[in-house]
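**Student:** Turn this into a structure:
(one chain, ligands or ions: 2)
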Amino acid sequence: MRVLTGIQPSGDLHIGNYFGSIKQMVEAQNSSQTFAFIANYHAMTSVTDGKRLSELSMQCATDFLALGINPEKSTFWIQSDVKEVLELYWILSSFTPMGLLERAHSYKDKTARGIASNHSLFSYPALMAADILLFGSEVVPVGKDQIQHVEMTRDIATKFNNKYGDILTIPEFRVQEEVQTVPGIDGQKMSKSYGNIVNIFGAEKKQLKTIKKIVTENVAMEEPKEFQNCNVYNMAKLFLEGENLIALQDRYKAGGEGHGHFKVYLAEVMWEYFKEFRDKRKYYENNQDEVREILNMGANKAKDIALPTIEKIRNVTGIKY
Ligand code: ADP
Ligand code: TRP
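**Tutor:** Ligands and ions are numbered 1, 2, ... in the order given. Coordinates of the predicted model:
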């Protein structure tokens, strides 16, 4: 089974990225052929400071390795190191109806939030389709927000195949039910572009400060509290299981503690959860040359798959003359 996912280096990685996508990818490494890449062309839709984009790409690669992407098991690279993806993006554009792009929730949400509308933001799903199809991906693990993009990829691939024969593999998305959408500190979907994230590798005091800003209901300290719709609980449950989770629910139900107490608890469990990853991150941070080597090796492995595919596509489309 070929499993692929990408992440934009458009800011610090957050717990939504981890539970929505990275964790699934790391788990898949033992049973599938896994492909993970840093989507730096996609990030240009929001990061246009050159120095920042290159720094964020290395930071994101470092984070991925720290979080468990194993370059021996996975093909792991930076999107722009396999430029054939841009060629396929253009080719697929002719099989991407305007109406399909106009219906994209992600595009509509982003422009509604005041993010400038331009061609790259609009045509983003066609580039994502190229990412997925160039590597013959069968499964794409994503958060709920990206399901529609994978469905669009299926539509585009089907249109292409109807024209040229059975060339492209039709992919399926995979969503982890319980972490479909991790809430941000404002209760909306956590997203780098919405300024509401809890990042994975922040400093301890800063993490607590961010967690203290999580929006909660206004209920008196002594009163029992609802946990089901509480943003603090919904984040904490990502890090807890079994009796620890029940114990937290009991604390909500009992009253006598405020949301501030639950926030401090959330900060503690989260800090503990990522401890091992922080240590690994320190190693890669101090060995950036090794990270670059890993990325080079990954790009070469990715090209071994991409080049024969794009060659086949050039042939059937007549781009090869
Ligand atoms: P962001 O929205 O922060 O820019 P990306 O678009 O780079 O994040 O998403 C990378 C991966 O993380 C995608 O698979 C996406 O579905 C997943 N993801 C992002 N935010 C969340 C979230 N709040 N909950 C669950 N998964 C998420
Ligand atoms: N669009 C994805 C996001 O914003 C990132 C991405 C780019 C991706 N190309 C991909 C995810 C291919 C999965 C497969 O989250």
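**Student:** Identify the residue spatially nearest to the residue of the stretch 51-200 of the chain found nearest ligand 1, adjacent ones excluded.
**Tutor:** At 2.3 Å from ligand 1, Gly143 is the closest residue in the stretch 51-200 of the chain, using C-beta to the nearest ligand atom. Heads up, the C-betas are built off the backbone N, CA and C, glycines and all. Spatially, and ignoring its direct neighbours in sequence, Gly143 is nearest to Gly20 (3.2 Å; C-beta to C-beta, 6 or more residues apart in numbering).
**Student:** In contact with Met58, which residues are there?
**Tutor:** Met58 makes contacts with 288, 291-292, as judged by C-beta atoms under 8 Å, 6 or more residues apart in numbering.
**Student:** Now the buried members of those residues.
**Tutor:** Listed as buried from the contacts of Met58 are Val291; burial here means 16 or more other C-beta atoms under 10 Å.
**Student:** Show me what residue of the stretch 201-321 of the chain gets nearest to ligand 2.
**Tutor:** Closest point on the stretch 201-321 of the chain to ligand 2, by C-beta to the nearest ligand atom, is Ala302, at 12.7 Å.
**Student:** helices or strands up against the strand or helix carrying that residue?
**Tutor:** Ala302 is located in helix 288-317, with elements delineated by DSSP states H and E. If you count contacts as 3 or more C-beta pairs under 8 Å, 6 or more residues apart in numbering; DSSP states H and E, helix 288-317 packs onto strand 33-38, helix 50-66, strand 74-78, helix 84-93, helix 119-134, helix 147-164.
**Student:** Distance to ligand 1 and mean pLDDT for those - can I get that in TSV?
**Tutor:** Converted to TSV, those look like this (distance: least, C-beta to the nearest ligand atom, whole Å; pLDDT from 0 to 100):
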stretch	distance to ligand 1	mean pLDDT
strand 33-38	10	97
helix 50-66	9	98
strand 74-78	14	98
helix 84-93	17	98
helix 119-134	10	97
helix 147-164	8	97
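**Student:** mind checking which of those is nearest Lys275?
**Tutor:** With C-beta to C-beta as the criterion, Lys275 lies closest to helix 50-66 of the helices and strands packed on helix 288-317, at 11.5 Å.
**Student:** Surely Lys163 and Leu92 touch.
**Tutor:** No - judged on C-beta atoms under 8 Å, Lys163 makes no contact with Leu92 at a distance of 11.4 Å.
**Student:** between the two, who's got more neighbours?
**Tutor:** Leu92 (25 against 12; other C-beta atoms under 10 Å).
**Student:** do you know how far that one is from ligand 2?
**Tutor:** Separation of Leu92 from ligand 2 (C-beta to the nearest ligand atom, to the nearest Å): 13 Å.
**Student:** coming back round to it: would you format the contacts of Met58 as CSV with distance to Ser32 and pLDDT included?
**Tutor:** CSV is the format used below for the contacts of Met58 (distance: C-beta to C-beta, whole Å; pLDDT from 0 to 100):
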residue, distance to Ser32, pLDDT
Gln288, 29, 98
Val291, 24, 98
Arg292, 26, 98
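**Student:** Return the residues in contact with the residue of the stretch 201-321 of the chain closest to ligand 2.
**Tutor:** Contact analysis of Ala302 by C-beta under 8 Å, 6+ apart lists 35, 37, 75, 77, 81-82, 135.
**Student:** Can you tell me the SS state at the residue lying closest to Cys230 once chain neighbours are set aside?
**Tutor:** Distance criterion C-beta to C-beta, 6+ apart; nearest residue to Cys230, sequence neighbours excluded, is Thr216 at 6.2 Å. Counting by DSSP: H, G, I helix; E, B strand; the rest coil, the backbone at Thr216 sits in coil.
**Student:** The closest residue to ligand 1 within the stretch 201-321 of the chain: which element?
**Tutor:** Of all residues in the stretch 201-321 of the chain, Leu238 sits closest to ligand 1, at 9.7 Å by C-beta to the nearest ligand atom. In this structure, Leu238 sits in neither a helix nor a strand according to DSSP H and E.
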